[in-house]
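Colleague: got a structure for you, letters missing:
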Ligand code: GDP
C-alpha cells in the first residue's frame, strides 16, 4: 500500500486509460505493469481491485534519465486498469471526474474513431487534464527503434519514408485534437502541459515511448495535484463504485476506488443505491492476493484499512442495490443523515431530464447514463426513463407504455439483456438497441425511426 503519511498532503493521482476499442488500452496497461515488475524491486507494483499502484521509485527506474525523482513529491500513480469497463472514464467523484488525469490512447494509423470522440467529449466536460498516447508506432513499415533512447531520438532515426509516414499520422492526430478545440503538439515541444495537450508517440508492444509517457504523466500530475486538488488523506473515506459483483462467500460486494480519506473495516458507509442510499456497515475490505498465491489460496486478502488513492472490494450487507458509478461515503464524526443527504445531492447532480413520452435508457454506470442523456438531448430524443443496470423485464414493460410507436424502444449502453427478459422481449412490441459506442447507438436508433416513418408514408 502507498505510504500516504510521507506524501505531505498529496495523494497518489488516479489515472484512467481510455480510447477506442483495439487502439491498445489493455496492451499499454500490461506493458506499464510488466516493465514495472521487471524493474525488479520489491514492491514495484501493488495490485488493487480494479487498479495498479506504481510507486515513484519504480516509475523513476522505468523512465531512466528522463525523471529526477527528487523533483516530485507524489507517491506514485494509480492506474485504473479495468478497460473492459469502457465507460469508467465517465465515473465521477464529488462533481468532477474520478480520474485526476487521463491517457487517451489513439492508434497512430487509425486516428480518431467514435470512442475517441466520446472520450474527448467526456474529458472536456469534466475538465480532466490528459495526454495522448499515439500508439502502435512500431507498425510503421521500416520502423527503426533506438533502444533505451527517448522516443524523439527514435523518430529522428527513421528512414525518410517511415519518418514521413509517421509525421503525417502524428500531425493528423494533432489536427484532430485541434478540431476538437485542444491545442496539441508532440510532447517535447510542449512547455505547459496544462495549456497544451502533449502527444507521445509510443508502442505498447515494444515499449518505446512508454518512459516518455510516464514522465509526462508525472509532470502533469505534479502540477495538477498541487494546484487543483484539496485532499484530506486522513479524513472519512470517499469513493466511487466501479462495479457491483457477487462474490462467493461474501454476497454482493462493491469494487470501489477510494479517492479521498481512509476506509476501515467496520466503518458505517452510505452508498448510492437504486432507489434510496444504502446505509450499511463494512464486513470486510478485500484486496487481491499476489498472483503466485492465488493458485493455492483464496483470491482475496482481508485488510484492516485502505487510504486514498486505492481500489478495494467492500463486502457489506444490502450492497445488491448499489449502483455502479454511485458515491460511497464513510460516516465518521457526523450524523448519518447528513451523509445520506450528501449522497442524495451528489446523485441529483447527474441530470437526466425525463419526459411524459420517450425511450427507455439503460447504462452500465451513472456517468455513462449521464453521457447518454446528454447525447440524446442533442439528438432531440426524449427519455421516458433512464436507469443504471442490465435490461430487465420491467424495462420492457415500461417501454411498452410509450405513446408513440417510435418511442417503444430501449437503448442500452454497455449493458446486457437479462436472461429472464428474453421471452418478454420476444413477445413485446419493443425494439432493443445495444452498443458500446453512444454515437453508434443513437445513430442506429435514428435510422430505425427514419425507416419507420418512411414505411408509414
Ligand atoms: P484495447 O481494446 O484498446 O484494450 O486494445 P488492445 O490492447 O486489446 O489491443 C488491440 C490489438 O492491438 C491487440 O492485438 C494488440 O496486440 C495490438 N496492439 C496494441 N498496441 C500495439 C502496439 O503498440 N503495436 C502493435 N504492433 N500492436 C499493438
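Modeller: Yep, it's here. Being a predicted model, the structure only gives us computed values, none of them experimental. Numbering: from 1, shown residues only.

Colleague: going forward, measure contacts between C-alpha atoms and count neighbours the same way
Modeller: OK.

Colleague: Get me the contact residues on this structure for the ligand.
Modeller: 20-27, 135-136, 138-139, 203-205 (C-alpha under 6 Å from any ligand atom).

Colleague: ok, for residue 352, nearest residue in space, not its chain neighbours?
Modeller: residue 373 (5.8 Å; C-alpha to C-alpha, 6 or more residues apart in numbering).

Colleague: helix or strand for that neighbour, which one?
Modeller: Per DSSP states H and E, residue 373 falls inside helix 366-378.

Colleague: Relative to the whole chain's centre, how far out is that helix?
Modeller: 16 Å (C-alpha atoms, centre = their mean, to the nearest Å).

Colleague: Please convert the buried members of the residues of the chain next to the ligand into PyMOL selection syntax.
Modeller: Restricted to buried positions by 16 or more other C-alpha atoms under 10 Å, the PyMOL selection for the residues of the chain next to the ligand reads:
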select buried, resi 20+21+23+24+25+26+27+135+136+138+203+204+205
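
Colleague: Residue 123 is in contact with residue 131, isn't it?
Modeller: No. Using C-alpha atoms under 8 Å, residue 123 is not in contact with residue 131; the gap is 10.8 Å.

Colleague: neighbour-wise, which of these two wins?
Modeller: The neighbour comparison of residue 123 against residue 131 (other C-alpha atoms under 10 Å) goes to residue 131, with 24 against 20.

Colleague: Looks like residue 418 contacts residue 392 (just checking).
Modeller: Yes. Using C-alpha under 8 Å, residue 418 makes contact with residue 392 at a distance of 5.7 Å.

Colleague: between the two, which one's more packed in?
Modeller: Each of residue 418 and residue 392 has its neighbours counted (other C-alpha under 10 Å); residue 392 has more, 18 against 12.

Colleague: so what's the more buried one up against?
Modeller: 417, 418, 420, 421 (C-alpha atoms under 8 Å, 6 or more residues apart in numbering).

Colleague: Mind telling me the two of these farthest from one another?
Modeller: For these, the farthest-apart pair by C-alpha to C-alpha is 417 and 420; their separation is 8.3 Å.

Colleague: Which of the two has more residues huddled nearby?
Modeller: Ranked by neighbour count (other C-alpha under 10 Å), residue 417 and residue 420 place residue 417 first, with 16 against 11.

Colleague: Report the beta-bridge partners for the more buried one.
Modeller: Note on residue 417: beta-bridge partners by DSSP bridges are residue 391.

Colleague: Next one: it from residue 424, what distance?
Modeller: 11 Å (C-alpha to C-alpha, to the nearest Å).

Colleague: can you give me the helices for the protein?
Modeller: Ranges of helices within the chain are 25-38, 56-63, 114-126, 151-156, 160-179, 210-228, 291-294, 336-348, 366-378, 393-400, 422-427, 438-456, based on DSSP state H.

Colleague: Show me what counts as buried in stretch 411-425.
Modeller: Buried, per 16+ other C-alpha under 10 Å, within stretch 411-425: 411, 412, 413, 414, 415, 416, 417, 421, 424, 425.

Colleague: By mean pLDDT, flag the weakest helix or strand of the protein.
Modeller: helix 291-294 (a mean of 59; mean pLDDT, DSSP states H and E).

Colleague: tell me how far stretch 186-203 is from the chain's mean position?
Modeller: 21 Å.

Colleague: Show me what it is in contact with.
Modeller: Contacts for stretch 186-203 (C-alpha under 8 Å, 6+ apart): 28, 108, 129-138, 151-152, 170, 174, 182-185, 208-210, 212-213, 216, 220, 224.

Colleague: sorry, back to before: what is the lowest-pLDDT residue among the residues of the chain next to the ligand?
Modeller: Of all the residues of the chain next to the ligand, residue 21 carries the smallest pLDDT score, 88.

Colleague: first to last residue in stretch 307-316, what's the distance?
Modeller: 18 Å.

Colleague: Kindly report the same for stretch 61-77.
Modeller: End-to-end distance (C-alpha to C-alpha), stretch 61-77: 14 Å.

Colleague: go on, stretch 80-92?
Modeller: Distance across stretch 80-92, first residue to last, is 13 Å (C-alpha to C-alpha).

Colleague: Show me what the mean pLDDT comes to for it.
Modeller: 66.

Colleague: Check stretch 342-361 too.
Modeller: For stretch 342-361, mean pLDDT is 89.

Colleague: Give me the phi and psi for residue 140.
Modeller: phi -70, psi 130 (degrees, to the nearest 10).

Colleague: Out of the buried residues of stretch 411-425, the closest to residue 356 would be?
Modeller: Out of these, the member with the shortest distance to residue 356 (by C-alpha to C-alpha) is residue 411, at 17.0 Å.

Colleague: Kindly provide the distance from that closest one to residue 445.
Modeller: 8 Å.

Colleague: Quickly list what's touching both of the two.
Modeller: residue 433.

Colleague: List the contacts of residue 52.
Modeller: 33, 45, 46, 78, 79, 80, 81.

Colleague: Any idea which of the buried residues of stretch 411-425 the model trusts least?
Modeller: residue 414 (90).

Colleague: that older thread, the helices of the chain: lowest mean pLDDT?
Modeller: helix 291-294 (a mean of 59).

Colleague: thinking again about what came up before, quick one, which of the helices of the chain is nearest to residue 235?
Modeller: The nearest among those, by C-alpha to C-alpha, is helix 336-348 at 13.8 Å.

Colleague: For the closest one, which residues meet the burial criterion?
Modeller: Neighbour-count burial for helix 336-348 flags 336, 339, 340, 342, 343, 344, 346, 347 (criterion: 16+ other C-alpha under 10 Å).
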